[in-house]
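Participant: Here's a sequence, model it:
(chains A and B)
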2 protein chains.
Amino acid sequence: MARVVQKFGGSSVADAESIQRVAERIAATKRDGNDVVIVISAMGDTTDELLDLALRVSPHPQPRELDMLLTTGERQSAALLAMALIDLGVPALSYTGSQAGVITTGTHGNARIIDITPGRILTSLDEGDVVIVAGFQGVSQDTKDVTTLGRGASDTTAVALAAAVGAQYCEIYTDVDGVFTADPRVVTHAKRVPVLSYEEMLELAACGAKVLHLRCVEYARSERVPIHVRSSFSENPGTWVVDQTIIDQHRRQGDLPVEQAIISGIAHDASEGKVTVIGVPDTIGTAARIFRAIADEEINIDMIVQNVSRAGLGRTDISFTLPHSEAAKARDALKRIQAEIGFEGLAYNQDIAKVSVVGVGMRTHPGVTASFFDALAKADINLDMISTSEIRISVVVAAKDAARAIQAAHSAFQLDAQTEAVVYAGTGR
Amino acid sequence: MARVVQKFGGSSVADAESIQRVAERIAATKRDGNDVVIVISAMGDTTDELLDLALRVSPHPQPRELDMLLTTGERQSAALLAMALIDLGVPALSYTGSQAGVITTGTHGNARIIDITPGRILTSLDEGDVVIVAGFQGVSQDTKDVTTLGRGASDTTAVALAAAVGAQYCEIYTDVDGVFTADPRVVTHAKRVPVLSYEEMLELAACGAKVLHLRCVEYARSERVPIHVRSSFSENPGTWVVDQTIIDQHRRQGDLPVEQAIISGIAHDASEGKVTVIGVPDTIGTAARIFRAIADEEINIDMIVQNVSRAGLGRTDISFTLPHSEAAKARDALKRIQAEIGFEGLAYNQDIAKVSVVGVGMRTHPGVTASFFDALAKADINLDMISTSEIRISVVVAAKDAARAIQAAHSAFQLDAQTEAVVYAGTGR
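Facilitator: All right, here's what the predicted structure looks like:
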């Protein structure tokens, strides 16, 4: 018996039958004696359909009004799920983000949760109701307008609510069995990872693993909310994402293998491209001016490499990666300062992919970098850029080499399972 | 320059293009210097589609959750209309019923407006915004839950808001040019009625005229809000529904013809059937017990006729009309008391129609009843039941005779226009 928050994504409630199936699952959790708070996404493609409708009315929908429109999707699925639960004899109430006390900043389309005032939720839980909260939305602190938290942010709502109502853990139901050692579509023998630390999950999410939203993991880490990522299409256990101290404790108790895996997982990201600024004068402050120009456009860059200065010429090349969608804006910003800085030219390569190995075990195993690069060399794969953190090594390779690079690393770190991973149909979160 | 409330129905905002067209119309009103509050219905068939979805999830959707679901339709159209107005350079804000301060009873599915606290609306009007309020919905005073006011009640929202913000008048945009002397589909030479008193409109609405919701007219009368019913598909003037004293004043000023029309319009209603309780013992209190049994089932009955007692037998027949949809329930209720009361049997006739002539002029023209019955007799139409009010005469005739009865009365009271009425395509309010 516990207090739990469960979040179901759009593919879990795509139609009337799915909603009834999810209701059965929730009813079982409730009948086991748990207090249950549900966070729900919009049904299937509802959000995209509403966005299409908005674009037919207005080429640039006003953000406040777009939030007012898009939030109706989650309100609908929340109400429908409550009906289905009541039909099963389980008392249930749906709440909008506003009614549930999800207080946010006023940045329409990408608001952040400031606070949760869970008065109504707690009262309903005390009265024995299953509480269903429309995800992805809140109410702005200043103007009391309806806001959205950005795409996929229902996960964040769930973790924030779990912290606010003092839940023991937060279950994120999705269309895969958890976090895998690599994308099962790339590595057929990828394994489910039973436990990850918040730090590992943050690195994996930041490096392209799609199963959890980065902001959700940050929130869980700061509020120390254990997350259980699992499939709504099976009863299998999923992946627990918890504090490293809890992992260490279970390891001491013998609940987990004493030996820490060196690498927990391999993530990849093909959504970035590489800008190279050619022939940059090798003078103090030049790099700062380049990246200031990029930052002024609010473009997030990822990896940066500055070549060794070309002998005698006093010039160098600077490369950095950024999302494809920002490439044109970055090029325009750089062209505006080309004369001032005096660089020679710009190149853009979008046929790249970033492959990252992540694991807290590498802190105590100094040979990980060598093993990773060795595996890539044996597979005849050229490394274009490299970056590292304490628990991650990322390399940029040619897009065509990405799948082989992931497979080579997966085998080198002995992550391959005995059986093929099961990939469920569905559209993800 | 005035403060006005305009209500647009679902057929006026059926798709993206319609929404843009309505936005143009509102923008023109705003540019003329008016303060504008808009009440909007859900797009086209949205409410019916949401209801279908609910019924696929739950055979008997829980009323609170059904309200949570259905209200999303108006929120969507309100947000889309705001986007379209902003694109035209007109500042606009959409509000849910709750945000607009529409406080209601807690009867989900059929709540009544208790109060309107228009703080946010008035602030937005002062700042120059067009305010768009989602119709058909409010928030319950006690539980702060989302409520709906019953189908078609966006008209009532509009009139209540007009009273709350001190609007000069309330325009109800629909798919016909106003209120006609009879249904133009029955009487091709029906005329638009330029002005009606609240009392006349109430009688017409109660007797089957669909153009305005009965509760909306009651609200307008009690708050003295002038209503202008007009078409959103044309610029034609429509029908003003106002206080009789205002009509009299304009008549004295010469703005309206001095001579009051005897009959303002003819309504008809084919949605009722007739129950006859046969062989009822003619003793004191028997009729009361029959109608108590009906009332206990919350069935609204309309007309009642008790036959003259059959000579010497001490028995009579009692007939009454009620909506078809309630007939089975009424029959069951009566059968349960048959033994106790001792009546002989029950009959039900659903092939009837009620035809009503309405006009304040009949107060001062005693021959109206005679003229009406004379016209029906000349058309060889038998009268089954009769009921009257101070400004209305209703008769029940065989359903097959209804159209001829309406046409005969329309001609007899010289209501026929020189030209045929224009009937617009559309689904009504």
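Participant: Please make it C-alpha for all contacts and neighbour counts, starting now.
Facilitator: Fine.
Participant: The stretch 301-429 of chain A: strands as residue ranges?
Facilitator: All strands of the stretch 301-429 of chain A, identified by DSSP state E, counting those that start in this stretch, fall at A:304-306, A:315-323, A:345-349, A:352-358, A:385-389, A:392-398.
Participant: Just send those back as CSV, with mean neighbour count, mean pLDDT and distance to residue B:417 too.
Facilitator: Output for the strands of the stretch 301-429 of chain A, formatted as CSV (neighbours: other Cα atoms under 10 Å in any protein chain shown; pLDDT from 0 to 100; distance: least, Cα to Cα, whole Å):
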stretch, mean neighbour count, mean pLDDT, distance to residue B:417
strand A:304-306, 15, 85, 82
strand A:315-323, 19, 91, 69
strand A:345-349, 15, 95, 75
strand A:352-358, 26, 95, 77
strand A:385-389, 14, 89, 85
strand A:392-398, 22, 94, 80
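Participant: Poorly predicted segments of chain A, please.
Facilitator: A:151-152, A:309-311, A:419-429 (pLDDT under 70).
Participant: Would you mind listing what in it touches chain B?
Facilitator: Listed as neighbours of chain B in chain A under the rule Cα under 8 Å from any Cα of the partner chain: A:16-17, A:19-20, A:53-54, A:56-58, A:61-62, A:65-66, A:68-69, A:72, A:75-76, A:79-80, A:82-84, A:86-87, A:93-94.
Participant: now, which of those lie within strands?
Facilitator: Here DSSP state E is the test, and those give A:93-94 as lying in strands.
Participant: follow-up on the earlier one: with distance to residue A:292 as new columns, can the strands of the stretch 301-429 of chain A be given to me in CSV?
Facilitator: What follows is the strands of the stretch 301-429 of chain A, written out as CSV (distance: least, Cα to Cα, whole Å):
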stretch, distance to residue A:292
strand A:304-306, 14
strand A:315-323, 13
strand A:345-349, 17
strand A:352-358, 24
strand A:385-389, 21
strand A:392-398, 24
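Participant: Can you say which of these is nearest to residue B:354?
Facilitator: Nearest to residue B:354 among the strands of the stretch 301-429 of chain A is strand A:315-323 (70.0 Å), distances taken as Cα to Cα.
Participant: chain center to the closest one, what's the gap?
Facilitator: Taking Cα atoms, centre = their mean, to the nearest Å, one finds strand A:315-323 lying 26 Å from the centre of the chain it belongs to.
Participant: Packing partners of that strand?
Facilitator: If you count contacts as 3 or more Cα pairs under 8 Å, 6 or more residues apart in numbering or on different chains; DSSP states H and E, strand A:315-323 packs onto strand A:272-281, strand A:304-306.
Participant: Quickly compare the ones you listed and say which is most buried.
Facilitator: Each of those was scored by mean neighbour count; the highest is strand A:272-281, a mean of 21, by mean count of other Cα atoms under 10 Å in any protein chain shown.
Participant: Would you mind getting the angle between that one and strand A:315-323?
Facilitator: Relative orientation of strand A:272-281 versus strand A:315-323 (axes from the mean of the first three to the mean of the last three Cα atoms, to 10 degrees): 160 degrees.
Participant: Against which helices or strands is the following helix or strand past strand A:272-281 packed?
Facilitator: With elements assigned by DSSP states H and E, the helix or strand that comes after strand A:272-281 is helix A:286-296. Here helix A:286-296 touches helix A:327-336, going by 3+ Cα pairs under 8 Å, 6+ apart.
Participant: Next, the buried residues of the helix it packs on.
Facilitator: A:327, A:330-331, A:333-334 (16 or more other Cα atoms under 10 Å in any protein chain shown).
Participant: need those in TSV with distance to residue B:25, can you?
Facilitator: Converted to TSV, the buried residues of helix A:327-336 look like this (distance: Cα to Cα, whole Å):
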residue	distance to residue B:25
A:327	42
A:330	42
A:331	43
A:333	42
A:334	46
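Participant: Would you check how far apart residue A:329 and chain B are?
Facilitator: Residue A:329 sits 25 Å away from chain B, going by Cα to the nearest Cα, to the nearest Å.
Participant: give me every residue that touches the residue lying closest to that residue once chain neighbours are set aside.
Facilitator: In space, and not counting its chain neighbours, residue A:329 is closest to residue A:297: 7.5 Å by Cα to Cα, 6 or more residues apart in numbering or on different chains. For residue A:297, the contact set (Cα atoms under 8 Å, 6 or more residues apart in numbering or on different chains) comprises A:329-330, A:333.
Participant: Which one of the buried residues of helix A:327-336 is nearest to residue A:411?
Facilitator: residue A:327 (34.2 Å).
Participant: Look up how far residue A:301 lies from the closest one.
Facilitator: 10 Å (Cα to Cα, to the nearest Å).
Participant: Please report how far residue A:283 lies from residue A:14.
Facilitator: From residue A:283 across to residue A:14, the span is 57 Å (Cα to Cα).
Participant: quick one: which of these two has more around it?
Facilitator: Under the neighbour definition other Cα atoms under 10 Å in any protein chain shown, residue A:283 and residue A:14 were set side by side, and residue A:14 has more, 19 against 11.
Participant: where does that one fall, phi/psi-wise?
Facilitator: The phi and psi values for residue A:14, taken as degrees, to the nearest 10, are phi -70, psi -30.
Participant: How is the spatially closest residue to it that is not a sequence neighbour classified with respect to secondary structure?
Facilitator: Closest residue to residue A:14 apart from its sequence neighbours, by Cα to Cα, 6+ apart: residue A:44 at 4.2 Å. What DSSP: H, G, I helix; E, B strand; the rest coil gives for residue A:44 is coil.
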